[in-house]
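K.L.:
Quick one, what's the 3D model for this:
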Amino acid sequence: MDGVNLFRVQVIPSPIKKFRDLFKNFKGIILAKVQDFENEHKIRIMFQNEERFGRVSLPRSSWAPQEMRPVCHTQIVRKYTYAYSAISPVDGVIESFIAPVATTEVMEIFLQQVSSRFPDENVIMIMDKAAWHTTGKLSLPKNIALCFRLHTARSSIRLKICGKRFGRTILPIGFFEI
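P.N.:
Take a look at the predicted model:
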């Protein structure tokens with residue numbers, strides 16, 4: 001194969017066949033959540049997640065004369081902001097919220113915002129098992145029920161690998177103000 005440059009890549013298998021049995025009881029879980037509501041309002045299913053955006057300032061290499069090693073006093077600075085979002089896949093309605101931290105109190109504010117947006121509907125919100133979602137201190141509005149998605153370590157590792165490659169090759173991000 002002259003003239004063909006081949007390189008080794010990491011294969012990311014499709015999770016559809018392996019994890020199909022994880023979603024077999026999805027309908028039963030949703031029906032159990034529907035029975036928990038006290039009223040007969042319309043049911044809306046939403047998927048929720050939050051993401052951290054920001055920067056970490058790390059010292060980088062620099063040019064210097066051959067026999068000199070420059071001294072650079074540094075401080076690692078971390079600045080983050082969090083974006084909370086929930087989407088209803090049936091009609092494409094998105095509810096978003098930007099906050100400086102990810103805590104139980106901020107999650108309660110976000111749930112109150114979603115509840116006030118859909119006062120005449122019962123919302124089943126499917127989300128991951130983050131610490132501020134599963135704590136006993138989280139108070140829910142009457143028209144919202146939480147349903148936690150099943151978490152598999154292998155699927156999250158694949159997502160992290162894809163995200164790192166995407167960030168390195170397509171979206172190199174410099175410094176920006178938050």
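
K.L.:
And the residue nearest to Ser96 when sequence neighbours are not counted, which helix or strand is it part of?
P.N.:
With sequence-adjacent residues excluded and distances taken as C-beta to C-beta, 6 or more residues apart in numbering, Ser96 is closest to Ser85, at 4.6 Å. No exception for glycine: its C-beta is placed from N, CA and C like everyone else's. Element membership of Ser85 [criterion: DSSP states H and E] is strand 77-88.

K.L.:
What helices and strands are in contact with that strand?
P.N.:
Contact here means 3 or more C-beta pairs under 8 Å, 6 or more residues apart in numbering; DSSP states H and E; on that basis strand 77-88 packs against strand 42-57, strand 93-99, helix 104-117.

K.L.:
contacting residues around Ile43?
P.N.:
Residues in contact with Ile43 (C-beta atoms under 8 Å, 6 or more residues apart in numbering) are Val34, Phe37, Glu121, Asn122, Ile124.

K.L.:
Can I get the buried ones among those as something I can paste into PyMOL?
P.N.:
A single PyMOL command selects the buried members of the contacts of Ile43 (16 or more other C-beta atoms under 10 Å):
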select buried, resi 37+122+124
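
K.L.:
okay, stretch 111-127 in PDB with CA atoms only?
P.N.:
Once non-C-alpha atoms are left out, stretch 111-127 reads as follows in PDB (Å, rounded to 0.1, in the frame of the first residue of the first chain):
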ATOM      1  CA  LEU A 111     -36.500  23.600  39.300                       C
ATOM      2  CA  GLN A 112     -38.700  26.500  40.500                       C
ATOM      3  CA  GLN A 113     -38.000  28.200  37.200                       C
ATOM      4  CA  VAL A 114     -39.100  25.200  35.200                       C
ATOM      5  CA  SER A 115     -42.100  24.700  37.500                       C
ATOM      6  CA  SER A 116     -43.200  28.300  36.900                       C
ATOM      7  CA  ARG A 117     -42.800  27.900  33.200                       C
ATOM      8  CA  PHE A 118     -45.100  24.900  33.100                       C
ATOM      9  CA  PRO A 119     -47.700  25.500  35.900                       C
ATOM     10  CA  ASP A 120     -50.500  23.500  34.200                       C
ATOM     11  CA  GLU A 121     -48.300  20.500  33.400                       C
ATOM     12  CA  ASN A 122     -46.600  17.700  35.400                       C
ATOM     13  CA  VAL A 123     -42.900  17.500  34.500                       C
ATOM     14  CA  ILE A 124     -40.900  14.300  34.800                       C
ATOM     15  CA  MET A 125     -37.200  15.400  34.600                       C
ATOM     16  CA  ILE A 126     -34.700  12.800  33.700                       C
ATOM     17  CA  MET A 127     -31.100  13.700  34.900                       C
END
